[in-house]
Structures are given as C-alpha cells and as structure tokens.
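> can you look at this prediction? I've put the sequence above it.
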Amino acid sequence: MLRVAVVGSGPSGVYTAQSLVQQDPEVLVDVLDRLPCPYGLVRYGVAPDHEKIKSLQSSLRSVLEHERVRFLGGVPVGPGGLSAARLRELYDAVVYCVGAATDRHLGIPGEELPGSWSATEFVAWYSAHPDSTGDGFVLGARSAVVIGVGNVAVDVTRMLARGPAELSRTDMPQAALTALAASGVADIHMVGRRGPSQARFTTKELRELGGLPETEVTVDPAELALDPDCLDPSALPPARRRNVEALSHWAALPPQGAPRCIHLRFFLRPVELLTVAGHVGAVRFERTAPDGRGGVLGTGQFEDIEAQLVLRSVGYRGVPLDGLPFDAEHGTVPHRAGRVVRGGRTVPGEYVAGWIKRGPTGVIGTNRPDAKETVTSLLEDASLLVRHEPPEDLLAVLRAEGIEPVEWAGWEAIERAEAELGASLGRGGVVKLPDWEALLAAVRGSHT
Ligand code: NAP
C-alpha cells in the first residue's frame, strides 16, 4: 500500500486526500496539521458571517473521516517539528498543501504604526486563530481605511460594518464580538490603486455590502468616469462588467444618511501612513490615472483620508518551507504539474497543491482540479517512489520526537467544547475557543 502524508488540512489538503483515495483503492493518507483543528482557511479565513461557505466543513469532514484517511493535528512540519527529510523517511510520498501563510507588504513609510494592521491579523482575531496576538483593532476608531479591493478587503469591510445582532449569531470568539459590538467606526474607506473595472472582488461579495443594515455604500461618479471601461463596459469580461454595473448603481444614488458608510474609492495609491500622537491618523494617497495598458501612473496630486484603523489587504504570500526549493518572486514552490522541481528536475515523492503551488488566487473550489492534477502526477510516479518500511506505531514515533499528535477524537472534543461554550453564552450556536490553552484543554478532556 502507498502511504502518503498530506501537510495541511485546508481545502487543498483535504481535496488532495479525497483525490488520492478516489483514484487509488489502496492508498493510505495521513493529513497532518500543526493546529489541533482541521479545515485551514475554511475555519480560520472564511468570514464568520459566511455560514454557507463555512458549511463546506461538513463535506471536508467526510473526507477526513474516510476509512483510509487519518487526521493528525498538532504535528508541525519545519522548525520545531518534522523536517522534509524525516517526512520522506516516514512516508512514500509527501504532498505539501500549506497555503500562503503570510501577507504582502506595502513598503511605504508608517506601515508599522500602531493602528495599522494586515487584514490577515484582523481576520485571525475575529476567526479565533490560536496564534492571533492582535487586539484593540477598533478601540477609539471612528474612521477606517482598507487598502486593496479584493475579496479579503470586502470581508474585513463587511465585518467592520456589521452590527452586534448579526455578529452575535456567528461563531466569532466572545472577545471579538464584544469589541466589534462596541465599535464606533462609522466610515470605512475601501481603496483601490487602479480603476473600478480592475477591482479583484467578485460581484456577489461586492453586492452583499449594499444589503448591510444601517449602512450605505457610496461611489464617487468622478472616479468611475476616470475609467474608460466604466464609460463603456460592453467589452469587459462578464464578471468585471457586473462589478461596474453594481458600482454605477451606487454612484447614481443620493446620500441616505445611514449611521455607517462604506466609501468605495479608486485610482488612489497609498504612499504614506501619517501619525497623530504616535498612532496612525490618516493615509496619504496619490491620485493615479490609467496608463492605457491595465496599469496606472501617478499624477502628483495627493489626498489624505482620516483613519485611526488601517487594514492592509493587499494579498497573501507563501513562505519558504525548510528543505524545499522556493520561488521567492512568486512565493511558491517550483513545480511541474504538482511535482516539486529541484535544480531543474522533478523529484518523485515530493508534491505541492493549493496556494503554495499556484499562488494565492481562486476560490475554494479552484483547489479541487488543482489537487487532482497533483495526485495524478503522484500516482503516475508510484513505481519510482522510494519505499520505506512503515513504522509500526507512527504515533509512538512522533511522541518520541516530542510531538503530541491530536487525533480525530481530540478534534471532536474541541467541537463539543465550542458547542458548550456557545450554549453557556446564550449565543444560539457554536462559539470558537479563543486560544491554544482552551483548545488543548478540550483535547486533554477527551483523554480522561
Ligand atoms: P487579491 O484578490 O489578490 O486582491 C489584492 C488587492 O490588493 C488588489 O486590489 C490589489 O490591487 C491590491 N494591492 C496589491 N498590492 C498593492 C499595493 N502595493 N498598493 C495598493 N494595493 C495593492 O487578494 P485577496 O483579497 O487577499 O484574496 C486572495 C484570494 O482569496 C483571492 O483569490 C480571493 O478571491 C479569495 N477570497 C475569496 C473569498 C470569497 O470567495 N468570498 C473571500 C476571501 C478571499 P491590484 O489589482 O492593482 O494589484
């Protein structure tokens, strides 16, 4: 039997495991994750109010409960955990599905001022990621600037605009709920450096902003007029045309006087974060203009937008994995059809899938065909793989190396504890455990 380790239990890891057991009736798969909880960005990235997307967890769950798939949480790979070389000794093949673990930087003065955060930090906070250290995001803030116009920017904008009643129905941790419920943020400026027709958000997510209670959306007609593709959207691809139509609708509306306002702004590139008493107070943008080739040029005109909270939502980035080659320009592992490429040659036994393979693009479903391609390569290589005698008791081997794996029963104990927490808080559903201590206490409880 072929024994495969899949590193990472997010959508790409789970779809890889699924494709393996579907395509090979004999393969055995261990899905390893450094966290005690499975599902990666579905648990720790999809916004709490997107219950429908979160419900994908039940189909991912059925894969992890497959008789030839085993979830092992609490197993770090890299520094302080298993090395790539050790994994190759323990398994016939390894598929890295580790995503893009960090965020891109703007590289402008003031980026690190108090009050300026990456969207990833904000998302980790309201998603109860156990590594989250952020706090006080909205404390004392009246105006927020979100830099970037992708779907993550839309998510964080929406979370800032949602009221307590809607947030309380989600699984967000109690501390984040309390802080957001008390938030005084009334103006949220979501700002793109290029034009409305080039924004990266999808129309469904964009339109959702228009349905938020007590919130209005504004678009400056003058900024739409700067974009030639907004004046005549007929030649645009359908997805972009629909975005322009939604934005044009808002641009034509008179002011509503709602308590909260989302300002969608375009053709402004951030050049500096300005400080007031040692804290961010505003973002300085340079007005841009289309260069005719899909990019923009600076115009030398500047605009400052007041902000006590800045969320930089300019995309994720993969991080190098110890013992694996890395393409620093794209933040990915070099590969051919999912086979890791070392020194110009593919290496049977080492594979990648998901964002670490193709970069941080696409929706969750994009990972299915991506994983299938990688698994097809792996199974084609089966006769070339160096087979090792499998350890009789892998869990004992891991424990001897100082790793305490969390088995499926441990994860189920976390799920029970989250249901109990939700009930005790009267929140009407599951509430996420907020930190490592609470997660590991729940796992320990499952042993007693
Ligand atoms: P993204 O779609 O790549 O958007 C990044 C945004 O940041 C773009 O507007 C980009 O502008 C801007 N940007 C990059 N560098 C910048 C700079 N130096 N200054 C100013 N702006 C800059 O990334 P994302 O929003 O993080 O999303 C990642 C992936 O997850 C996407 O595929 C997204 O669709 C997916 N996702 C989906 C959902 C959903 O389906 N509900 C939710 C969240 C995320 P340019 O275009 O000019 O580079």
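Good, I have the coordinates.
> leaving out sequence neighbours, find the closest residue to the residue in the chain that the ligand sits nearest to.
Across the chain, no residue is closer to the ligand than residue 150, which sits at 2.3 Å (C-beta to the nearest ligand atom). In short, each C-beta sits where N, CA and C put it, glycine included. Ranked by C-beta to C-beta, 6 or more residues apart in numbering and with sequence neighbours excluded, the top spatial neighbour of residue 150 is residue 200, at 4.1 Å.
> quick one on the thing from earlier: the residue of the chain closest to the ligand: how many residues sit nearby?
By the other C-beta atoms under 10 Å criterion, the neighbourhood of residue 150 contains 20 residues.
> and the residue lying farthest from the centre of the chain, how close does it get to residue 283?
Distance from the C-alpha centroid of the chain, by C-alpha atoms, centre = their mean, peaks at residue 389 (37.1 Å). Plainly put, residue 389 is 59 Å away from residue 283 if you go by C-beta to C-beta, to the nearest Å.
> ditto for residue 119
For residue 119, the distance to residue 283 (C-beta to C-beta) stands at 14 Å.
> same question, residue 390
Using C-beta to C-beta, we find residue 390 at a distance of 55 Å from residue 283.
> again, but for residue 337
The gap separating residue 337 from residue 283 is 42 Å, by C-beta to C-beta.
> so between those two, which is more surrounded?
The residue with the greater number of neighbours, taking residue 337 and residue 283 and applying other C-beta under 10 Å, is residue 283; the counts read 25 against 13.
> for the helix or strand where that one lies, packing partners?
Following DSSP states H and E, the helix or strand that holds residue 283 is strand 279-290. Packing partners of strand 279-290 (3 or more C-beta pairs under 8 Å, 6 or more residues apart in numbering; DSSP states H and E): strand 268-276, strand 296-306, strand 309-312.
> in its sheet, what does the first one sit against?
Just to be clear, that refers to strand 268-276. strand 279-290 (antiparallel) (DSSP bridges).
> now what about the partner strand, what contacts it?
For strand 279-290, the external contacting residues (C-beta atoms under 8 Å, 6 or more residues apart in numbering) are 110, 113-116, 145, 147, 191, 193-195, 226-228, 267-276, 296-310.
> cutoff 7 Å now
Taking contacts as C-beta atoms under 7 Å, 6 or more residues apart in numbering, the residues outside strand 279-290 that touch it are 110, 113-116, 145, 191, 193, 195, 226-228, 267-275, 296-299, 301-308, 310.
> and if you look at stretch 19-37?
Against stretch 19-37 from outside (C-beta under 7 Å, 6+ apart): 1-9, 13-14, 17, 43, 64, 66, 68-77, 81, 130, 371-372, 375, 379, 406, 410-411, 414, 439-440, 443.
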